[in-house]
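>>> Fold the following, please.
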Amino acid sequence: MTEIGDAPPGVDPTTTSSARLYDYLLGGTNHFPVDREVAEMMKAAAPDIVDAVLANRGFHGRAAVWMAHHGITQFIDLGSGLPTQNNTHESVCRVIPGARVVYVDIDPMVAAHATQLLEGDGSTAVITADLREPEAVLSRPDVLRLIDFGEPAGVLATDVMHFIGGSFDPWGLIAQYMAALAPGSYLALSHSTRDNVPAPNSILDILEKASVEIYLRPRPEVERFFRGLKLMAPYEGAEPGLTYPGLWGAEDIAMADSDGSRGFYCGVAQRPDGFTALSHEGG
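All right, here's what the predicted structure looks like:
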(Lines give C-alpha, C1' and ligand atoms only; values in the text may rest on other atoms or scores of the structure.)
Protein backbone atom coordinates (compact mmCIF):
# COMPACT_ATOMS: atom_id res chain seq x y z
CA MET A 1 0.00 0.00 0.00
CA THR A 2 1.15 3.50 -0.77
CA GLU A 3 2.18 5.62 2.20
CA ILE A 4 2.57 9.39 2.45
CA GLY A 5 6.29 9.25 1.85
CA ASP A 6 5.70 7.58 -1.51
CA ALA A 7 3.74 10.49 -2.99
CA PRO A 8 4.96 11.45 -6.48
CA PRO A 9 5.73 15.12 -7.17
CA GLY A 10 2.60 17.25 -7.41
CA VAL A 11 0.46 14.79 -5.43
CA ASP A 12 -1.01 15.82 -2.06
CA PRO A 13 -1.25 12.60 0.00
CA THR A 14 -3.30 14.31 2.71
CA THR A 15 -6.23 15.17 0.42
CA THR A 16 -8.65 12.53 -0.84
CA SER A 17 -8.60 11.85 -4.59
CA SER A 18 -11.52 10.36 -6.53
CA ALA A 19 -9.06 8.34 -8.64
CA ARG A 20 -7.45 6.86 -5.53
CA LEU A 21 -10.84 6.15 -3.91
CA TYR A 22 -11.86 4.24 -7.03
CA ASP A 23 -8.56 2.38 -7.02
CA TYR A 24 -9.04 1.30 -3.40
CA LEU A 25 -12.62 0.15 -3.98
CA LEU A 26 -11.42 -1.90 -6.96
CA GLY A 27 -8.81 -3.59 -4.79
CA GLY A 28 -5.83 -1.63 -6.12
CA THR A 29 -2.73 -0.49 -4.27
CA ASN A 30 -2.24 3.12 -5.39
CA HIS A 31 -3.80 5.08 -2.54
CA PHE A 32 -2.97 6.77 0.75
CA PRO A 33 -4.34 6.43 4.31
CA VAL A 34 -6.73 9.33 3.79
CA ASP A 35 -8.25 7.58 0.75
CA ARG A 36 -8.60 4.28 2.58
CA GLU A 37 -10.29 5.96 5.53
CA VAL A 38 -12.88 7.68 3.35
CA ALA A 39 -13.47 4.54 1.26
CA GLU A 40 -14.07 2.43 4.36
CA MET A 41 -16.62 4.94 5.61
CA MET A 42 -18.36 4.78 2.24
CA LYS A 43 -18.43 0.98 2.33
CA ALA A 44 -19.93 1.04 5.82
CA ALA A 45 -22.65 3.48 4.71
CA ALA A 46 -23.40 1.68 1.40
CA PRO A 47 -22.15 -1.95 1.26
CA ASP A 48 -23.15 -2.24 -2.41
CA ILE A 49 -20.61 0.39 -3.45
CA VAL A 50 -17.91 -2.19 -4.21
CA ASP A 51 -20.34 -4.09 -6.42
CA ALA A 52 -21.18 -0.81 -8.15
CA VAL A 53 -17.59 0.10 -9.03
CA LEU A 54 -16.80 -3.47 -10.13
CA ALA A 55 -19.86 -3.48 -12.41
CA ASN A 56 -18.82 -0.13 -13.83
CA ARG A 57 -15.29 -1.32 -14.48
CA GLY A 58 -16.68 -4.38 -16.22
CA PHE A 59 -18.77 -2.18 -18.48
CA HIS A 60 -15.70 -0.08 -19.31
CA GLY A 61 -13.77 -3.11 -20.49
CA ARG A 62 -16.63 -4.72 -22.39
CA ALA A 63 -17.49 -1.46 -24.15
CA ALA A 64 -13.87 -0.92 -25.22
CA VAL A 65 -13.61 -4.46 -26.56
CA TRP A 66 -16.98 -4.09 -28.33
CA MET A 67 -15.67 -0.96 -30.06
CA ALA A 68 -12.51 -2.80 -31.10
CA HIS A 69 -14.62 -5.60 -32.59
CA HIS A 70 -16.50 -2.89 -34.51
CA GLY A 71 -13.35 -1.57 -36.14
CA ILE A 72 -12.14 1.08 -33.69
CA THR A 73 -8.35 1.12 -33.47
CA GLN A 74 -7.80 4.32 -31.45
CA PHE A 75 -9.18 5.35 -28.07
CA ILE A 76 -9.31 8.34 -25.72
CA ASP A 77 -9.90 7.28 -22.11
CA LEU A 78 -11.18 10.35 -20.23
CA GLY A 79 -10.75 10.36 -16.46
CA SER A 80 -8.95 7.06 -16.84
CA GLY A 81 -7.99 6.71 -13.18
CA LEU A 82 -5.12 4.70 -11.78
CA PRO A 83 -3.84 1.54 -13.47
CA THR A 84 -5.75 -1.61 -12.58
CA GLN A 85 -6.40 -4.99 -14.17
CA ASN A 86 -7.46 -5.13 -17.82
CA ASN A 87 -6.58 -1.53 -18.60
CA THR A 88 -8.00 -0.16 -21.82
CA HIS A 89 -4.95 -0.78 -23.99
CA GLU A 90 -4.53 -4.30 -22.61
CA SER A 91 -8.16 -5.14 -23.39
CA VAL A 92 -8.36 -3.70 -26.90
CA CYS A 93 -4.95 -4.94 -28.00
CA ARG A 94 -6.17 -8.51 -27.53
CA VAL A 95 -8.58 -7.73 -30.36
CA ILE A 96 -6.46 -5.32 -32.40
CA PRO A 97 -2.72 -5.57 -31.70
CA GLY A 98 -1.18 -2.11 -31.82
CA ALA A 99 -4.42 -0.28 -31.04
CA ARG A 100 -3.62 3.25 -29.89
CA VAL A 101 -4.80 4.57 -26.52
CA VAL A 102 -4.46 7.97 -24.84
CA TYR A 103 -5.26 8.06 -21.15
CA VAL A 104 -6.36 11.43 -19.74
CA ASP A 105 -6.59 12.24 -16.04
CA ILE A 106 -6.20 15.38 -13.95
CA ASP A 107 -4.51 13.51 -11.08
CA PRO A 108 -0.70 13.55 -11.55
CA MET A 109 -0.48 10.29 -9.65
CA VAL A 110 -2.08 8.54 -12.63
CA ALA A 111 0.78 9.44 -14.95
CA ALA A 112 3.34 8.62 -12.25
CA HIS A 113 2.02 5.08 -11.83
CA ALA A 114 1.00 4.37 -15.41
CA THR A 115 4.40 4.83 -17.04
CA GLN A 116 5.29 1.17 -16.52
CA LEU A 117 2.19 0.15 -18.48
CA LEU A 118 3.02 2.08 -21.62
CA GLU A 119 3.52 -0.01 -24.72
CA GLY A 120 7.13 -0.10 -25.91
CA ASP A 121 6.03 0.61 -29.47
CA GLY A 122 4.68 4.04 -28.50
CA SER A 123 1.03 3.14 -29.09
CA THR A 124 -0.06 4.29 -25.61
CA ALA A 125 0.29 7.61 -23.79
CA VAL A 126 -0.83 9.11 -20.49
CA ILE A 127 -1.39 12.84 -20.21
CA THR A 128 -2.17 14.89 -17.13
CA ALA A 129 -4.93 17.24 -18.26
CA ASP A 130 -8.33 18.59 -17.30
CA LEU A 131 -11.08 16.99 -19.40
CA ARG A 132 -13.13 20.18 -18.89
CA GLU A 133 -10.83 21.75 -21.50
CA PRO A 134 -11.49 19.68 -24.65
CA GLU A 135 -9.57 21.92 -27.04
CA ALA A 136 -6.49 21.80 -24.82
CA VAL A 137 -6.73 18.03 -24.36
CA LEU A 138 -7.21 17.29 -28.06
CA SER A 139 -4.31 19.53 -29.09
CA ARG A 140 -1.77 17.86 -26.80
CA PRO A 141 1.21 16.43 -28.74
CA ASP A 142 0.58 12.84 -27.65
CA VAL A 143 -3.05 13.08 -28.72
CA LEU A 144 -2.08 14.47 -32.12
CA ARG A 145 0.56 11.74 -32.45
CA LEU A 146 -1.73 8.83 -31.64
CA ILE A 147 -5.21 9.91 -32.72
CA ASP A 148 -6.04 10.28 -36.41
CA PHE A 149 -8.96 12.72 -36.45
CA GLY A 150 -9.85 11.59 -39.95
CA GLU A 151 -10.70 8.09 -38.72
CA PRO A 152 -13.29 6.96 -36.14
CA ALA A 153 -12.16 6.76 -32.53
CA GLY A 154 -13.60 5.51 -29.27
CA VAL A 155 -14.15 7.86 -26.33
CA LEU A 156 -14.47 6.26 -22.90
CA ALA A 157 -15.97 8.41 -20.13
CA THR A 158 -16.89 5.91 -17.44
CA ASP A 159 -17.35 6.93 -13.81
CA VAL A 160 -16.10 10.46 -14.41
CA MET A 161 -18.77 12.90 -15.60
CA HIS A 162 -20.55 12.84 -12.25
CA PHE A 163 -17.58 14.76 -10.88
CA ILE A 164 -18.30 17.64 -13.27
CA GLY A 165 -20.77 20.22 -11.99
CA GLY A 166 -23.53 21.68 -14.11
CA SER A 167 -21.80 25.06 -14.28
CA PHE A 168 -19.15 23.43 -16.51
CA ASP A 169 -21.85 22.05 -18.87
CA PRO A 170 -20.69 18.41 -18.76
CA TRP A 171 -23.08 17.56 -21.63
CA GLY A 172 -21.52 20.21 -23.84
CA LEU A 173 -18.03 18.95 -22.97
CA ILE A 174 -18.83 15.44 -24.20
CA ALA A 175 -20.41 16.93 -27.33
CA GLN A 176 -17.21 18.86 -28.03
CA TYR A 177 -15.13 15.68 -27.85
CA MET A 178 -17.50 13.81 -30.16
CA ALA A 179 -17.78 16.70 -32.62
CA ALA A 180 -13.98 16.79 -32.95
CA LEU A 181 -13.84 13.14 -34.00
CA ALA A 182 -14.73 11.50 -37.30
CA PRO A 183 -18.22 10.16 -38.06
CA GLY A 184 -18.48 6.57 -36.93
CA SER A 185 -16.72 7.29 -33.63
CA TYR A 186 -18.21 5.83 -30.47
CA LEU A 187 -18.86 7.12 -26.96
CA ALA A 188 -19.06 4.82 -23.93
CA LEU A 189 -20.28 6.67 -20.84
CA SER A 190 -21.47 5.68 -17.38
CA HIS A 191 -22.82 7.96 -14.68
CA SER A 192 -23.95 7.44 -11.10
CA THR A 193 -27.56 8.00 -10.10
CA ARG A 194 -29.82 7.68 -7.09
CA ASP A 195 -32.89 6.82 -9.19
CA ASN A 196 -32.92 3.11 -8.38
CA VAL A 197 -30.74 2.59 -5.33
CA PRO A 198 -30.93 5.89 -3.45
CA ALA A 199 -27.49 6.79 -2.17
CA PRO A 200 -27.61 7.40 1.57
CA ASN A 201 -27.14 11.05 2.40
CA SER A 202 -24.30 9.87 4.61
CA ILE A 203 -22.31 8.93 1.47
CA LEU A 204 -22.71 12.42 0.07
CA ASP A 205 -21.80 13.88 3.46
CA ILE A 206 -18.65 11.72 3.59
CA LEU A 207 -17.55 12.87 0.14
CA GLU A 208 -18.37 16.50 0.86
CA LYS A 209 -16.25 16.44 4.02
CA ALA A 210 -13.46 14.87 1.95
CA SER A 211 -13.78 17.72 -0.60
CA VAL A 212 -14.89 15.31 -3.33
CA GLU A 213 -17.85 16.74 -5.22
CA ILE A 214 -20.19 14.32 -6.94
CA TYR A 215 -23.41 15.00 -8.85
CA LEU A 216 -25.84 12.09 -8.96
CA ARG A 217 -28.07 12.67 -11.98
CA PRO A 218 -31.44 11.20 -12.99
CA ARG A 219 -31.92 9.19 -16.17
CA PRO A 220 -33.02 12.14 -18.39
CA GLU A 221 -29.83 14.03 -17.51
CA VAL A 222 -27.69 10.98 -18.30
CA GLU A 223 -29.53 10.42 -21.59
CA ARG A 224 -28.69 14.02 -22.45
CA PHE A 225 -25.01 13.05 -22.83
CA PHE A 226 -26.03 10.95 -25.83
CA ARG A 227 -28.20 13.57 -27.52
CA GLY A 228 -27.54 13.65 -31.25
CA LEU A 229 -25.74 10.29 -31.11
CA LYS A 230 -27.06 6.88 -32.12
CA LEU A 231 -27.43 4.67 -29.04
CA MET A 232 -26.57 0.98 -29.43
CA ALA A 233 -28.56 -1.93 -28.02
CA PRO A 234 -26.88 -2.87 -24.72
CA TYR A 235 -27.35 -6.64 -25.09
CA GLU A 236 -28.98 -9.15 -27.40
CA GLY A 237 -32.72 -8.67 -27.60
CA ALA A 238 -32.71 -5.22 -26.02
CA GLU A 239 -33.83 -1.97 -27.60
CA PRO A 240 -31.15 0.74 -28.11
CA GLY A 241 -30.81 2.87 -25.00
CA LEU A 242 -29.33 3.12 -21.54
CA THR A 243 -28.99 0.27 -19.09
CA TYR A 244 -27.06 -0.60 -15.93
CA PRO A 245 -23.32 -1.37 -16.14
CA GLY A 246 -23.71 -4.99 -15.08
CA LEU A 247 -26.14 -5.61 -17.92
CA TRP A 248 -24.33 -3.93 -20.82
CA GLY A 249 -22.80 -6.65 -22.94
CA ALA A 250 -23.88 -9.37 -20.53
CA GLU A 251 -24.71 -12.83 -21.84
CA ASP A 252 -26.84 -13.82 -18.83
CA ILE A 253 -28.96 -10.81 -17.88
CA ALA A 254 -30.48 -12.38 -14.78
CA MET A 255 -27.07 -13.26 -13.37
CA ALA A 256 -25.57 -9.88 -14.29
CA ASP A 257 -28.22 -7.73 -12.61
CA SER A 258 -27.40 -6.46 -9.11
CA ASP A 259 -28.37 -3.68 -6.73
CA GLY A 260 -24.91 -2.13 -6.95
CA SER A 261 -25.02 -2.05 -10.74
CA ARG A 262 -28.28 -0.10 -10.58
CA GLY A 263 -26.40 2.78 -9.01
CA PHE A 264 -25.21 3.73 -12.52
CA TYR A 265 -26.66 4.29 -15.97
CA CYS A 266 -24.49 3.54 -18.99
CA GLY A 267 -24.61 3.41 -22.75
CA VAL A 268 -22.61 3.21 -25.95
CA ALA A 269 -23.48 5.44 -28.89
CA GLN A 270 -22.12 6.24 -32.34
CA ARG A 271 -21.42 9.67 -33.82
CA PRO A 272 -23.39 10.18 -37.05
CA ASP A 273 -22.51 12.35 -40.03
CA GLY A 274 -23.30 15.99 -39.45
CA PHE A 275 -22.97 15.87 -35.66
CA THR A 276 -21.71 19.11 -34.11
CA ALA A 277 -21.50 20.39 -30.57
CA LEU A 278 -24.40 22.70 -31.44
CA SER A 279 -26.53 19.92 -32.91
CA HIS A 280 -26.22 18.17 -29.56
CA GLU A 281 -28.36 20.91 -28.06
CA GLY A 282 -31.12 20.36 -30.55
CA GLY A 283 -32.00 16.83 -29.45
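
>>> Could you tell me how many residues sit around A44?
12 (other Cβ atoms under 10 Å). In this view, the C-beta of every residue, glycine as well, is placed from N, C-alpha and C.

>>> Am I right that it sits in a helix?
Yes: using DSSP: H, G, I helix; E, B strand; the rest coil, the assignment for A44 is a helix.

>>> What distance do you get for it to I214?
Per Cβ to Cβ, to the nearest Å, A44 is found 18 Å from I214.

>>> Which pLDDT value goes with V212?
Looking at V212, its pLDDT reads 84.

>>> pLDDT weak spots in the protein?
1-6, 82-86, 113-121, 198-200, 279-283 (pLDDT under 70).

>>> try it again with 80
In the prediction, the chain carries residues with pLDDT under 80 at positions 1-11, 29-30, 81-86, 110-121, 197-204, 254-256, 259-260, 278-283.

>>> report the longest helix in it, please.
helix 49-69 (DSSP state H).

>>> I'd like to know which elements that one is packed against.
When contacts are defined as 3 or more Cβ pairs under 8 Å, 6 or more residues apart in numbering; DSSP states H and E, helix 49-69 sits against helix 18-25, helix 33-45, helix 88-93, strand 154-158, strand 186-192, strand 264-270.

>>> Dump those into a markdown table; add distance to A129 as well.
Putting these into a markdown table (distance: least, Cβ to Cβ, whole Å) gives the following:
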| stretch | distance to A129 |
| --- | --- |
| helix 18-25 | 14 |
| helix 33-45 | 22 |
| helix 88-93 | 16 |
| strand 154-158 | 14 |
| strand 186-192 | 18 |
| strand 264-270 | 24 |
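
>>> Helices along the stretch 101-250 of the chain, start to end?
In the stretch 101-250 of the chain, the helices defined using DSSP state H, counting those that start in this stretch lie at 108-114, 134-138, 141-146, 170-180, 201-209, 219-223.

>>> now what about the fifth one, what contacts it?
Yep, that's helix 201-209 we're talking about. V38, M41, M42, A45, A46, I49, E213, I214, L216 (Cβ atoms under 8 Å, 6 or more residues apart in numbering).

>>> Now that we have the residues you listed, which of them are buried?
In those, burial by neighbour count holds for V38, M41, M42, A45, A46, I49, I214, L216, counting by 16 or more other Cβ atoms under 10 Å.

>>> Tabulate the residues you listed (a markdown table), appending distance to E135.
Below are the buried ones among the contacts of helix 201-209 laid out as a markdown table (distance: Cβ to Cβ, whole Å):
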| residue | distance to E135 |
| --- | --- |
| V38 | 33 |
| M41 | 38 |
| M42 | 35 |
| A45 | 39 |
| A46 | 37 |
| I49 | 35 |
| I214 | 26 |
| L216 | 28 |
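
>>> Identify, from these, the entry nearest to F32.
Nearest to F32 out of these is V38 (Cβ to Cβ; 10.2 Å).

>>> The most centrally placed residue in the chain bridge partners, please.
Most central in the chain under Cα atoms, centre = their mean is T158, positioned 2.2 Å from the mean C-alpha point. Beta bridges link T158 to S190, judged by DSSP bridges.

>>> Tell me who's in contact with it.
N56, R57, F59, H60, A63, G79, A188, L189, S190, C266.

>>> same check, this time on I214
The contact partners of I214, by Cβ under 8 Å, 6+ apart, come to S18, H162, F163, S192, L204, L207.

>>> 10 Å - rerun?
S18, H162, F163, I164, G165, S192, A199, I203, L204, L207, E208 (Cβ atoms under 10 Å, 6 or more residues apart in numbering).

>>> For A46, which non-adjacent residue is spatially closest?
Leaving aside its chain neighbours, A46 sits nearest to I203 (5.3 Å; criterion: Cβ to Cβ, 6 or more residues apart in numbering).

>>> Now for that neighbour, how many residues are close by?
With other Cβ under 10 Å as criterion, I203 counts 20.

>>> re earlier: who does the helix or strand just after the longest helix of the chain pair up with?
Next along the chain after helix 49-69, taking DSSP states H and E as the criterion, comes strand 74-78. The pairing partners recorded for strand 74-78 under DSSP bridges are strand 100-105 (parallel), strand 154-158 (parallel).
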